[in-house]
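# turn this into a model:
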Amino acid sequence: MDAVIVGAAAGLLGAAVGAGGAIGAAAFAGRHQAKTQKDHWRRQFQRDTHVAFAVAWGNFHRTLIEASDLFRMGAIPAAEQLTSALTLADQQREKASDALSVLQLDGVRAVFMPAWQAHEHLVSLSHLLQSASDPNRRHEAVWAEVSRHVGAARQEYEHFIEAVNETNS
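As a prediction, the model looks like this:
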């Protein structure tokens, strides 16, 4: 009879140890899966914010380049087109600013700073083109500033793309 009791006790002890191990393994797997899902969500959020900013910035940039070309032509009919292009650029600026705000939430400074600088150059370019109708400003001087902002914005945008690629690798 002692052997039966010892056998039963050993069986219960084995079942308890097995159940405890199974519970521990399930808890570990659950924590690991939660971390994996959080990491996946974070990577997806980063990709989405990077793409949203890139698209918004690209639209803003393209609109300003078109406005710059109209400014460079300097013809009277181009003045109305320039006004329309700048109105559209202002709408694109708002979208790019919104995308930049979301990008800032991502918290990766190496990505945000060149994006912010590229955006600021386009904002400056937009203001410059809007003020270009002032007859006291020399066309050549304004065009030199336009060219400088376009080049600087593109350079900072390239830095943004490099930073995105580094964080994704």
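# centroid residue for the chain?
Centroid-nearest residue in the chain, with C-alpha atoms, centre = their mean: His50, separated by 2.9 Å.
# who are the neighbours in contact with it?
Leu103, Val111, Val164 (C-beta atoms under 8 Å, 6 or more residues apart in numbering). All C-beta atoms are positioned from the backbone trio N, CA, C, and that covers glycine.
# same deal with Phe45?
Counting by C-beta under 8 Å, 6+ apart, Phe45 makes contact with Asp106.
# tell me the pLDDT of it.
Phe45 is assigned a pLDDT of 86 by the prediction.
# roughly how far apart are it and Ala67?
33 Å (C-beta to C-beta, to the nearest Å).
# one more: Arg47?
To Ala67, Arg47 is 30 Å away according to C-beta to C-beta.
# what are the ranges of the helices in this protein?
Applying DSSP state H to the chain gives helices spanning 2-73, 76-106, 109-131, 139-168.
# average pLDDT across the last one?
Helix 139-168 carries an average pLDDT of 87.
# so which elements touch it?
helix 2-73, helix 109-131 (3 or more C-beta pairs under 8 Å, 6 or more residues apart in numbering; DSSP states H and E).
# and that helix with helix 109-131, angle?
Relative orientation of helix 139-168 and helix 109-131, computed by axes from the mean of the first three to the mean of the last three C-alpha atoms, to 10 degrees: 160 degrees.
# and helix 139-168 with helix 76-106, angle?
30 degrees.
# neighbour count: Arg47 and Ala67, which is higher?
Applying other C-beta atoms under 10 Å to Arg47 and Ala67 shows that Ala67 carries more neighbours, namely 26 against 12.
# what's near enough to touch the more buried one?
So Ala67 contacts Leu82, Ala85, Leu86, Ala89, Leu129 (C-beta under 8 Å, 6+ apart).
# let me know the pLDDT of the nearest residue to the fourth one once chain neighbours are set aside.
Here the nearest residue to Ala89 in space, its sequence neighbours aside, is Thr63; by C-beta to C-beta, 6 or more residues apart in numbering that works out to 4.3 Å. Looking at Thr63, its pLDDT is 88.
# understood, closing this out.
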